[in-house]
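Peer 1: Below is the sequence, then the predicted model.
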Amino acid sequence: MPDTLIIFVVLLALAFDYINGFHDTANAIATSVSTRALTPRFAVWMAAGLNFLGAMYSTGVAKTIGGDLVKSAQMVNQYIIIAAIIGAIFWNLITWWKGIPSSSSHALVGGVIGAVLVSTGYEALKIEGILKIVAALICSPLIAMATGFAVMTVLLWIFGRRAPSRINPKFKKAQILTAAMMAFSHGSNDAQKAMGIITLTLVSTGYLTTLEVPIWVKLAAATAMGLGTAAGGWRIIRTMGSKIFKLEPISGFASDLNSSLIIFGATLLHLPVSTTHVVSGSIMGVGTSKRISAVRWGVAQQMLMAWVLTIPCTAVVSALAYKVISFFI
């Protein structure tokens with residue numbers, strides 16, 4: 001019978017997945033809602049269902065999160081994991097309240113680093129694994145921006161001379177498919193981060209011997225992500241859907257298609273990426289293909305600042321959380 005502390009860690013990790021769901025709902029549906037290809041209510045429920053299915057797809061990213069942040073599961077305990085998740089949840093709620101699209105993945109990585117540093121120490125961190133994760137997190141939005149630019153350039157080359165009244169209705173219909181692809185790929189990558197943390201906890205406490213994710217963990221994390229998505233994150237949807245670049249159906253289609261392929265490609269490579277960063281990069285790349293001034297770079301700078309601050313801020317919050325927890329151990 002698992003002890004109370006392990007149950008608490010599992011519930012806290014599922015709370016993180018729930019918050020991740022409503023915080024990052026915008027990633028999947030913001031473009032299709034802003035171009036009115038989908039109604040907000042239908043878009044949210046479609047995203048919730050496909051996020052659930054995507055979360056059940058694989059466990060490669062979960063193993064990377066569980067195995068590449070610390071050298072050994074035996075070097076962490078439940079208190080460290082609790083402090084790490086508190087730091088990540090704190091940052092997610094602050095950025096959601098401010099309507100700033102930030103990375104839940106960065107928040108979780110920063111939370112683990114901060115909690116481990118003040119508890120077990122620097123030597124417990126798996127530096128090569130952290131560098132691999134951070135490299136994927138940094139490179140993915142840059143790749144998304146470049147490929148988003150390329151996809152939109154090709155579409156403009158093919159359809160640019162046709163009247164918007166003729167092509168917009170067709171791309172609105174096509175956006176239903178790309179929004180569905182985006183929601184599935186989001187679930188396939190983001191939900192696995194909580195799975196990895198729960199599995200790491202179960203290994204560190206001896207309930208599992210390997211980082212193989214149990215089916216009940218997959219179902220629980222997928223359900224939490226789906227319910228969170230159904231709750232919606234309207235503050236961030238407004239930023240993603242209209243404040244970076246005024247999207248039309250053709251540009252929304254290009255952005256969703258590009259983002260879903262990059263995120264799903266990362267899932268196949270077992271690499272955790274920030275879906276927020278990838279979608280934002282795609283929208284910027286698509287907007288730049290029209291003209292550089294079409295992108296509202298002031299909003300982009302605000303988002304960039306939040307991204308840069310996420311890992312250090314969550315590391316500090318989780319370190320403080322561990323210090324508070326340690327008084328009661």
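Peer 2: Okay, I see it. What you see is a predicted model; the values in this text were computed from it and never measured. Numbering: from 1, shown residues only.

Peer 1: residues contacting Leu247?
Peer 2: By Cβ atoms under 8 Å, 6 or more residues apart in numbering, the residues touching Leu247 are Thr31, Ser34, Thr35, Gly241, Ser255, Ile283, Val286. C-beta coordinates here come from the backbone N, C-alpha and C atoms, glycine included.

Peer 1: Buried ones from those residues, can you make that a PyMOL selection?
Peer 2: In PyMOL syntax, the buried subset of these is picked out as below (16 or more other Cβ atoms under 10 Å):
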select buried, resi 31+34+35+241+255+283+286
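
Peer 1: Now go through the contacts of Leu247 and say which are in strands.
Peer 2: Using DSSP state E, no member of the contacts of Leu247 falls within strands.

Peer 1: Dump the contacts of Leu247 to a markdown table, plus distance to Ser165 and pLDDT.
Peer 2: A markdown table is the format used below for the contacts of Leu247 (distance: Cβ to Cβ, whole Å; pLDDT from 0 to 100):
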| residue | distance to Ser165 | pLDDT |
| --- | --- | --- |
| Thr31 | 20 | 72 |
| Ser34 | 19 | 73 |
| Thr35 | 14 | 74 |
| Gly241 | 22 | 53 |
| Ser255 | 21 | 88 |
| Ile283 | 24 | 85 |
| Val286 | 21 | 87 |
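
Peer 1: From the contacts of Leu247, which land in helices?
Peer 2: Taking DSSP state H as the definition of helices, the contacts of Leu247 contribute Thr31, Ser34, Ser255, Ile283, Val286.

Peer 1: My guess is the second one contacts Gly252. True?
Peer 2: Yes - under the criterion of Cβ atoms under 8 Å, Ser34 is in contact with Gly252, at a separation of 6.9 Å.

Peer 1: what number of residues lie near Lys132?
Peer 2: A count of nearby residues for Lys132, using other Cβ atoms under 10 Å, gives 15.

Peer 1: Would you mind naming the helix or strand containing it?
Peer 2: Using DSSP states H and E, Lys132 falls within helix 127-159.

Peer 1: chain center to whichever helix or strand comes after that helix, what's the gap?
Peer 2: Heading C-terminal from helix 127-159, the first helix or strand you meet, by DSSP H and E, is helix 164-204. What separates the centre of helix 164-204 from the centre of its chain is 9 Å, taken as Cα atoms, centre = their mean, to the nearest Å.

Peer 1: what's the answer for stretch 71-84, then?
Peer 2: 22 Å.

Peer 1: Just the endpoints, please. Distance across it?
Peer 2: 16 Å (Cα to Cα, to the nearest Å).

Peer 1: Now that stretch: buried residues?
Peer 2: For stretch 71-84, the neighbour count (16+ other Cβ under 10 Å) marks Lys71, Ala73, Met75, Val76, Asn77, Gln78, Tyr79, Ile80, Ile81, Ile82, Ala83, Ala84 as buried.

Peer 1: Among those, name the ones in strands.
Peer 2: Using DSSP E, no member of the buried residues of stretch 71-84 sits in strands.

Peer 1: Can you tell me which of those is nearest Ala179?
Peer 2: For those, the residue nearest Ala179 by Cβ to Cβ is Ala84; the value is 32.1 Å.

Peer 1: hmm, back to that, let's have the contacts of Leu247 in TSV, adding distance to Val112.
Peer 2: Shown next, in TSV, are these (distance: Cβ to Cβ, whole Å):
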residue	distance to Val112
Thr31	31
Ser34	34
Thr35	37
Gly241	31
Ser255	31
Ile283	29
Val286	33
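
Peer 1: from the contacts of Leu247, which single one is nearest Pro169?
Peer 2: Among those, and counting by Cβ to Cβ, the member closest to Pro169 is Thr35, at 11.1 Å.

Peer 1: ok, the closest one - contacts?
Peer 2: Here Thr35 is in contact with Lys172, Gln175, Leu247, Glu248, Pro249, Gly252 (criterion: Cβ under 8 Å, 6+ apart).
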